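[1] no letters, just coordinates:
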């Protein structure tokens, strides 16, 4: 079962609401917007990601005959509702910020304009896709900012929340500036560079460590990176040095070693010296093992001679903030703007645009959120990407989105580049939007 | 692309190691065990989950022609390695604890016995499946323990980490004792009861709340649960009462209302009084909105008249501990026990069994981890489930596993049922296992 585009990948209430809309013939145009209300404590900005998967989902949305039959036998849906679902294809419009854009609280990053039942039904999967990839791109960007341009590699698949999370985390972290991933299928699916070394089990399966290193080098002559912490890190580094001339005779150069435990900075210094004195100055040091942006910042501050880092679980689960306070809210139905006023969860009504303003050196200054009718001197960030259920342009290359994301990080004000919470970026709500909210509140 | 059983859903290093094993003809039997080292701070026990998905994966493991071609064009793999992968099927044995079993640190919950390249290659996906579902079942069990037998419903799909996470979280939480899920596809895939009400957008799409309630009731006459917090909770409760006689004439009984914001205990009391005085004593109150086990415990302690709870993001992401410190480690190769000694990550060698001992009232007393050759008076928890790559018995029904899980929770010592960390459960390491570890250390 490929769950990615079935209408059953949704909350039951979406289908029960669709039934009511079909029966009441409420098929007018609805406008929903996706945004993040409050940010996690340690996020000064977030980075959009997941739009391409949303557009794929919308283009492929359908129900299979077997799924339709299953829905029918639940006894919860009328014939008219089942007929509607059987022929349902997404025919709406989508506006969105480009993936890799830095954004701030209460700014819409995606807008869906479609007949009400369609726009409602797609809520769950749109949130599922945008929440997760935005979460991961935003987390990964923090490591990228502190890594001092050293390559970062995603090692997180094993503790990602399922297969799709692993694949999409590889995509989102690459978008945010990682150099690549260990996840082979992500390499195939998204054309992301793949990286890999060896595991402790490889050393353990051999009766001695040197033989293990030699066997690995023979199998991967172009990618000989050896894991040296299975028993004693520095002793293993000496074994690498002793083995190197033998490998060199076979045309194999040791590309590097990996450290995965203990005091990484201390081991890196000692191993660097052993490698340098042993005639392997070209061999790089890769560090891994429960790393996150704080560990990276600390390791880099010590000046430890580590050339690249693998970041796994903390990034791929966004461990310090594993979800966003995001929402996909009805902003207009049949030409009538609306908003939710639930305690602590009120939203701005109507179709909105976000304009970004810059200071003279090109850095971000402040944003304005307005109604779409408003004019503003800033750069508009929401652009049309789908009309009538079809993409307006082919999916951009991931490498292009990655360059855009790098530019965004470069243009962040310094205060927002801190790993800790800083004073918030200014997001102005235009007078026209405030007026609209007041008007909407009067006629409910 | 259905990622669930391809050998590309793995870390690159698994494939590079397989290449070395193939080239060195290291095809002897390897034994790997999966276990959790240290538990998260607020977990006194964990609950196994995910075994069935692991067995599905192992039975279906393969590479497609397109995937093989992609691997080849990377230029990283020899002809002999590609030939091996093309014909690879999993032919090993698996021993495991039944899903829903409570377990403790360093106890193996799954053992794979297979030719070395096979056992190595499946590491990543096995960890990916067991880490996630065990994480979620363990988190969900905490809500179940404090819920005082009130039904709990999974509302987490929208902020789950992708589609598979949403589906498997529905499964794992149902296994742990939830009553069902809002995720429709999980209902179809795993035969889990599905639940759903209506969203704020449904109310907003109508020009008045009462009309929205009536339309919903007409569409869902058997499942009329109305969301009443879009504007003013108590005012909406009065509207429900006023509408009820009209609905009753059409044969529709209001089943309940849902509260989703504000002080849930306070709203529940006021709404209960309005419903009772309005002649709707049968209408139940469902509460939702950022709930977790702590909120549940607090709400239940206040005696608030809430009949059931929906739990979403906190459960489906295991928000306070979004990963486990789990490992899948080589314990034996070609008849030779082995273990990793990396700093802070040393493991117990060899094939192991876990025995559970009980006190007289049937509660858990302590566990013993032994070598499989050892005898012990406790109940063995690791059982054979797959041999030669095929399941020994058909997949058990999820409802049976759910009953087993309920029994496990009932037999936990009171100290482990607290939401906070208590003194740890005793896990004894047998003398034979300690002797084996010493012997292994001597010959490395």
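    That came in fine, so what should we check first? Nothing here was measured: the structure is a model prediction, and the numbers come from that model. Numbers count the residues shown, from 1 in each chain, chains lettered A, B, ... in the order given.

[2] identify the bridge partners of residue A:285.
    Taking DSSP bridges as the rule, residue A:285 bridges to residue A:257.

[3] tell me the pLDDT at it?
    On pLDDT, residue A:285 comes in at 98.

[4] likewise residue A:343?
    67.

[5] so which residue is dead centre in chain A?
    With distances taken as C-alpha atoms, centre = their mean, residue A:133 lies nearest the centre of chain A, 2.8 Å away.

[6] contacts for stretch A:398-411, please.
    Residues outside stretch A:398-411 that contact it (C-beta atoms under 8 Å, 6 or more residues apart in numbering or on different chains) are A:47, A:98-102, A:137, A:141, A:144-145, A:171, A:174-177, A:190-192, A:358, A:362-364, A:417. In this view, the C-beta of every residue, glycine as well, is placed from N, C-alpha and C.

[7] before we move on, back to that, which helix or strand contains the residue nearest to the centre of chain A?
    Per DSSP states H and E, residue A:133 falls inside helix A:123-146.

[8] any residue of that helix touching chain B?
    Yes. Against chain B, helix A:123-146 shows contacts by C-beta under 8 Å from any C-beta of the partner chain at A:123-125, A:127-129, A:131-132.

[9] from the chain's centroid, how far away is that helix?
    3 Å (C-alpha atoms, centre = their mean, to the nearest Å).

[10] and for stretch A:9-19?
    Offset of stretch A:9-19 from its chain centre (C-alpha atoms, centre = their mean): 27 Å.

[11] do the same with stretch A:318-332
    On the basis of C-alpha atoms, centre = their mean, stretch A:318-332 is displaced by 13 Å from the centre of the chain it belongs to.

[12] same question, stretch A:71-82
    Relative to the centre of its chain, stretch A:71-82 is centred 36 Å away, using C-alpha atoms, centre = their mean.

[13] I'd guessed residue A:188 sits against residue B:67; true?
    Yes. Here residue A:188 lies in contact with residue B:67, judged by C-beta atoms under 8 Å, at a distance of 6.7 Å.

[14] need the residues touching each of those two.
    Residues touching both residue A:188 and residue B:67 by C-beta under 8 Å, 6+ apart: residue B:8.

[15] mind listing what's buried along stretch A:156-170?
    The neighbour-count check on stretch A:156-170 (16 or more other C-beta atoms under 10 Å in any protein chain shown) flags A:156-170 as buried.

[16] looks like the residue nearest to the centre of chain A contacts residue A:170 (just checking).
    No. Between residue A:133 and residue A:170 there is no contact under C-beta under 8 Å: 10.6 Å.

[17] where does the stretch 1-150 of chain A get nearest to chain B, residue-wise?
    Closest residue of the stretch 1-150 of chain A to chain B, C-beta to the nearest C-beta: residue A:12 (2.8 Å).

[18] so who does that residue touch?
    Neighbour list for residue A:12: B:182-184, B:187, B:194-196 [criterion: C-beta under 8 Å, 6+ apart].

[19] strands of the stretch 151-300 of chain A, residue ranges please.
    Secondary structure of the stretch 151-300 of chain A by DSSP state E, counting those that start in this stretch: the strands cover A:152-154, A:180-181, A:225-227, A:256-259, A:284-287.

[20] got those strands as CSV, with distance to residue A:296 and mean neighbour count columns?
    Listed next are those as CSV, based on distance: least, C-beta to C-beta, whole Å; neighbours: other C-beta atoms under 10 Å in any protein chain shown:
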stretch, distance to residue A:296, mean neighbour count
strand A:152-154, 8, 27
strand A:180-181, 17, 26
strand A:225-227, 19, 25
strand A:256-259, 14, 24
strand A:284-287, 9, 22
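
[21] need the ones you listed in a markdown table (columns: distance to residue B:314).
    Below are the strands of the stretch 151-300 of chain A laid out as a markdown table (distance: least, C-beta to C-beta, whole Å):
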| stretch | distance to residue B:314 |
| --- | --- |
| strand A:152-154 | 26 |
| strand A:180-181 | 28 |
| strand A:225-227 | 37 |
| strand A:256-259 | 35 |
| strand A:284-287 | 33 |
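
[22] what's the pLDDT at the closest residue to residue A:101 other than its chain neighbours?
    In space, and not counting its chain neighbours, residue A:101 is closest to residue A:48: 4.9 Å by C-beta to C-beta, 6 or more residues apart in numbering or on different chains. Per-residue pLDDT puts residue A:48 at 98.

[23] which stretches of the stretch 301-444 of chain A form strands?
    Counting by DSSP E, counting those that start in this stretch, the strands of the stretch 301-444 of chain A are A:308-311, A:326-333, A:336-337, A:352-358, A:364-371, A:379-380, A:383-387, A:390-391, A:427-429.

[24] check whether the first one contacts chain B.
    Meaning strand A:308-311. No. With C-beta under 8 Å from any C-beta as the criterion, chain B is not reached by strand A:308-311; the gap is at least 10.3 Å.

[25] tell me the strands beside that strand, with direction?
    Here, using DSSP bridges, strand A:308-311 pairs with strand A:152-154 (parallel), strand A:284-287 (parallel).

[26] whichever of the contacts of stretch A:398-411 end up buried, select them in PyMOL.
    A single PyMOL command selects the buried members of these (16+ other C-beta under 10 Å):
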select buried, chain A and resi 47+98+99+100+101+102+137+141+144+145+171+174+175+176+177+190+192+364+417
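
[27] narrow the contacts of stretch A:398-411 to those in helices?
    Counting by DSSP state H, the part of those found in helices is A:137, A:141, A:144-145, A:171, A:174-175, A:190.

[28] and which of those residues is nearest residue B:79?
    residue A:190 (26.9 Å; C-beta to C-beta).
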